[in-house]
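1. Got a sequence here, can you model it:
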Amino acid sequence: MKNAVVVTGSGEINPVKQTAADVLISEIARRTGVHLETSAKWPESRIVIALAVEREASLQRELPLRQGKQRPESRKDGYRLFVQHEDREGQQHSPILWVIGGDARGVLFGVGHLLRKLDWDRGTLGVSASLDIATAPAYPIRGHQLGYRAQANSYDAWDPQQFEQYIRDLTLFGVNSIEGIPFQDDRQTPVMKFPRRQMNREIGDICYRYGLDYWAWIPAVFDLKDGVRRKQLLDQCEEFFRDTTTLSGISFPGGDPGDNAPEMVFPFLAEMAERLRPLHPQAKIWFSLQDFSAEHANYSYDWIERHQPEWLGGLFAGPSSPPHEEMRGRLPQQYGLRLYPDITHNKLAQYELGDWDQAYSLTEGREAANPRAVEFKNIFGQCAGYSNGFISYSDGIHDDVNKTIWSALSWDPTQNVADILDQYCRVYFEPRLAGQAVDGILGLEKNWQGPLITNGSVDAVLLQWQQLEAEAPTLESNWRWQLCLLRANYDAYVRRRLIHETKLEMECNSIMSNAPALGSDVAIAQASAVLNRATTEQAGQELRARIITLCEQLFHSIGLQTSVPKYYAIDAQRGAVLDFIDLPLNNRWWLEDQFAETKALASEAAKLQRLHTLATWEHPGPGSFYDCVGDLNKSPHVVRCGLDPGKPGELKDSGPTYWWWDQGKSRARLTWQVTMWPIAVVYEALNPEARYIVRLSGYGQALLRIDGDLMQPTLNGKKMGEFKEFPVPEKYVRKRKITLTWDVPQDEGNLNWRDTSRLAEVWLLKQN
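-> Sure, this is the predicted structure:
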């Protein structure tokens, strides 16, 4: 096909169709160096790529339209890709590759699919001669949020050309909606090249040229009773409405951010609609119930049912929203329900990584490169059926694979993950590498599943990406390639450090256990020297150097801000993985502080007792048991998944919360920085003649039950690091098995989730 001619037809061409032609020609040239010719007329004896809308007749050829009712290509956004070798009379002619859209935007999406199917290399270009695909999207709303604001870890560094390229890339997988964030978060960053008002206009213009729906996310982060600020925001909205070439919808979150009762929100939205309607009469306002109480959610459903406003497009469901099935069931049918999935965060998020190793949470944090293809395929299948589609929450390019998975599935939910990733790798990397690169991306997802210290496949995934890197030096400047390499190297570096530093802490514990023979001062000095070998004998230095290089490349190639001081990340948890590359993966910092406190104790006996406590913290001795409930590697007695007694036949899961204290550099014990309320903790093969105490660490309340019976504590510390203790009555031990469960505190509904009770560690201690 390298000598093919792109034919768009004579006369005035639809601007979106012209954009589709430009995309096809420029993207092929960028990948192959082949510059296809274009023509308004049909060439003789040449392969033709014909771009057409079903109802147009400007190509001087009869369109090969199929007959029958099942013609998805005739629907909105639908298309057909078809290689024609003969006319209706059966006469052979030069091949024609048709891209026929049900509308002009369908042609654009057809071009995107064609680019995903092409076989190409430098100087070569081809496609299967039997190509014949007719398709239309399953969901009408398919989009992503690209907010030009300080909080983003990459978007704020872009210019209009980078925004256009990324938006174009998203259309290759059928995205039809882009959501901007025009005002919220007015902080300035050193990487911003343009004023926000100008960039808002630019993004709107890009969407107009591509025929995409342009949305705006506009929260109210003040009390709507404040008349002055209320008018200021409405005036700001009207200015934005006038600036914008095209606008399809407004998304107004009820919370996160925002804290206004629906009684105030609905009148405000009605006023916004009055300013919106004259300028963008087709645009609708969508509203979320995020962080709403049950009372506020019910008020909202009832208000919508009673007033049925014309300006309302529907509700959108994000983190901390009511269940999807409830929202769809309570919402009148004429209104839509749109998902607002958080595909960007790894922890403290809507879809937390439930079996993530704590070493990753400490170092890679909330916004590391996070391909979760298989997981999001499953999540999409569980929630999308309630909706009209989605616009994802994203704060950067680190979730690029996740965007592609959601985009592809919203077009065709029957696609499997391997096929989607194969197209991703073909179109963004090289077709010859696709199979290996798919395995590499899936390997990155598996790296994050289960205990890291025993996950030997992490090094195998690194080797795979190193081999790919050697095979494809031309991809060195490709930011998606760089992102995969960064993850592979970072994962392996964390694992090597974790193994090394875990051994150091074990050696430290051994020294402290020998303190009675050594003396407390000598034991502390020797233990401190062992712990310091984490810095003097660092593991994986070659990987660390490679990570630093890749972070530098990603800053220049796509504006990814992996460090606060070096690359101007707005906050340490916004993808600043470089700032945590040497964060201790054992309790070195906590032990250093404990050693200082121990040395200040009045007597040698007290010092030795304290060192004994530190040495045996996670190893309480024969017949006793220890679990850090949120750490997969240290919780052998914890049950994480089981049948929900309140919902027969359904499973309930228990996942950890990885806390973020002191900008991610807390000196607290690591076991306190990951908490969870487990389904249960089960101990078996107990000594029926022994006496036991349950000890807990955590924060706030712990309403413990043993075999279903509520227990009362004899020690009831409430702060993190303080203990709660519950003697185990003899009658439970006689069965040789006990099960611990916890009631949910009922008096914390008014607390911020960060202030609610939590559980960190559980001991079952055999008494001497």
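2. which residue ranges form the strands in the stretch 551-700 of the chain?
-> Along the stretch 551-700 of the chain, the segments classed as strands by DSSP state E, counting those that start in this stretch run 625-628, 638-639, 641-643, 651-653, 657-658, 674-675, 680-683, 692-699.
3. From the contact counts, what lies against the longest one?
-> Contacting strand 692-699 under the criterion 3 or more CB pairs under 8 Å, 6 or more residues apart in numbering; DSSP states H and E are the following elements: strand 703-706, strand 723-727, strand 758-766. In this view, the C-beta of every residue, glycine as well, is placed from N, C-alpha and C.
4. and that strand, which strands flank it?
-> strand 723-727 (antiparallel), strand 758-766 (antiparallel) (DSSP bridges).
5. I25: which of those is closest?
-> Judged by CB to CB, the one of those that comes nearest to I25 is strand 758-766, at 56.7 Å.
6. which residues sit in contact with W481?
-> The neighbours of W481, taking CB atoms under 8 Å, 6 or more residues apart in numbering as the test, are 429, 472, 475.
7. so what's the first one closest to, chain neighbours aside?
-> Pointing back at F429 there. Distances taken as CB to CB, 6 or more residues apart in numbering put A437 closest to F429, at 5.4 Å, once the chain neighbours are dropped.
8. so the one you found touches Q467, yeah?
-> No: if you go by CB atoms under 8 Å, A437 and Q467 don't touch, sitting 11.0 Å apart.
9. out of the two, which sits in the busier spot?
-> The neighbour comparison of A437 against Q467 (other CB atoms under 10 Å) goes to A437, with 26 against 12.
10. List the buried residues of the helix or strand hosting the more buried one.
-> Taking DSSP states H and E as the definition, A437 sits inside helix 434-447. By neighbour count on 16 or more other CB atoms under 10 Å, the buried set for helix 434-447 is 434, 436-438, 440-445, 447.
11. Following element in sequence after that helix, please.
-> helix 457-471.
12. Now do the same for that next one: mean pLDDT, whole number.
-> The pLDDT scores in helix 457-471 average 98.
13. centre of the chain versus the helix or strand just after that helix, how much separation?
-> Counting by DSSP H and E, the next helix or strand C-terminal to helix 457-471 is helix 479-513. Relative to its parent chain, helix 479-513 has a centroid offset of 23 Å by CA atoms, centre = their mean, to the nearest Å.
14. now stretch 417-426
-> The answer for stretch 417-426 is 19 Å, by CA atoms, centre = their mean.
15. Mind listing what's buried along it?
-> 417, 420-426.
16. Mind checking which of those are in helices?
-> Among the buried residues of stretch 417-426, the members falling in helices (DSSP state H) are 417, 420-426.
17. between these, which is nearest V639?
-> Among those, V417 lies closest to V639 (CB to CB), at 28.9 Å.
18. what's that closest one in contact with, if anything?
-> Per CB under 8 Å, 6+ apart, neighbours of V417: 373-374, 377, 405, 442.
19. out of those, which one sits closest to R61?
-> Minimum distance to R61 across the contacts of V417 is 37.4 Å, recorded for I405 (CB to CB).
20. one step back: quick one: which of the strands paired with strand 692-699 is nearest K41?
-> strand 758-766 (71.2 Å).
21. what's the average pLDDT for the closest one?
-> If you average the pLDDT over strand 758-766, you get 98.
22. Kindly report the same for stretch 715-731.
-> Per-residue pLDDT over stretch 715-731 has a mean of 96.
23. Using CSV, write out every CA atom in that stretch.
-> Taking C-alpha atoms only, stretch 715-731 is exported to CSV below (Å, rounded to 0.1, in the frame of the first residue of the first chain):
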residue,chain,number,x,y,z
LEU,A,715,-6.1,-2.6,77.7
ASN,A,716,-7.6,-0.1,75.3
GLY,A,717,-5.1,2.2,73.6
LYS,A,718,-6.7,4.4,71.0
LYS,A,719,-3.6,5.9,69.2
MET,A,720,-1.5,4.3,66.5
GLY,A,721,1.3,2.4,68.3
GLU,A,722,-0.7,1.8,71.5
PHE,A,723,-2.0,-1.7,72.2
LYS,A,724,-5.5,-3.1,72.9
GLU,A,725,-5.6,-6.4,74.7
PHE,A,726,-8.4,-9.0,75.1
PRO,A,727,-8.0,-12.1,77.2
VAL,A,728,-9.4,-15.2,75.4
PRO,A,729,-11.8,-17.1,77.6
GLU,A,730,-10.9,-20.8,78.0
LYS,A,731,-14.1,-22.1,76.4
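24. residues making contact with that stretch?
-> Under CB under 8 Å, 6+ apart, the answer for stretch 715-731 is 668-669, 672, 691-702, 704, 706, 711-714, 738, 760, 764.
25. Give me the ChimeraX select line for those residues, limited to the buried ones.
-> Filtering these down to the buried ones (16+ other CB under 10 Å) takes a single ChimeraX command:
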select :668,669,672,692,693,694,695,696,697,698,699,701,702,704,706,711,713,738,760,764
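26. can you list the domains in the protein?
-> Domain assignment for the chain by automatic domain parsing gives 5-135, 141-442, 457-607, 620-766.
27. Need the contacts of W481 in TSV (columns: neighbour count).
-> Shown next, in TSV, are the contacts of W481 (neighbours: other CB atoms under 10 Å):
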residue	neighbour count
F429	22
A472	17
L475	20
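28. Out of those residues, which comes closest to L131?
-> Among the contacts of W481, F429 lies closest to L131 (CB to CB), at 21.3 Å.
29. residues touching the closest one, list them.
-> F429 touches 437, 472, 475, 478, 480-481, counting by CB under 8 Å, 6+ apart.
30. Most widely separated two among these?
-> Spatial extent of those (CB to CB) is set by the pair A472 and R480 at 12.0 Å.
31. the helices in the stretch 101-250 of the chain, which residues?
-> In the stretch 101-250 of the chain, the helices defined using DSSP state H, counting those that start in this stretch lie at 104-117, 160-171, 196-210, 227-243.
32. what comes into contact with the longest one?
-> Spelled out, that is helix 227-243. 182-183, 197, 200-201, 204, 216, 218, 220, 222-224, 247, 250, 268, 271-272, 275-276, 279-280.
33. cool, the shortest one as well?
-> For helix 160-171, the surrounding residues in contact (CB under 8 Å, 6+ apart) are 23, 27, 108-109, 112, 144, 146, 148, 155, 158, 175, 178, 194, 199, 202-203, 206-207, 210, 212, 397, 403, 407, 428, 558-559.
34. Where does the prediction get shaky in the stretch 1-150 of the chain?
-> Scanning the stretch 1-150 of the chain with the threshold set as pLDDT under 70 gives 57-58, 60, 88-90.
35. Ok, the chain next?
-> Along the chain, segments meeting pLDDT under 70 span 57-58, 60, 88-90, 642-652.
36. what sits against Q290?
-> Q290 neighbours (CB under 8 Å, 6+ apart): 253-256, 318-321.
37. what does N200 give?
-> 148, 180, 182, 240, 243-244.
38. any chance of the contacts of W481 in JSON lines, plus distance to G381?
-> JSON lines is the format used below for the contacts of W481 (distance: CB to CB, whole Å):
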{"residue": "F429", "distance to G381": "27"}
{"residue": "A472", "distance to G381": "33"}
{"residue": "L475", "distance to G381": "32"}
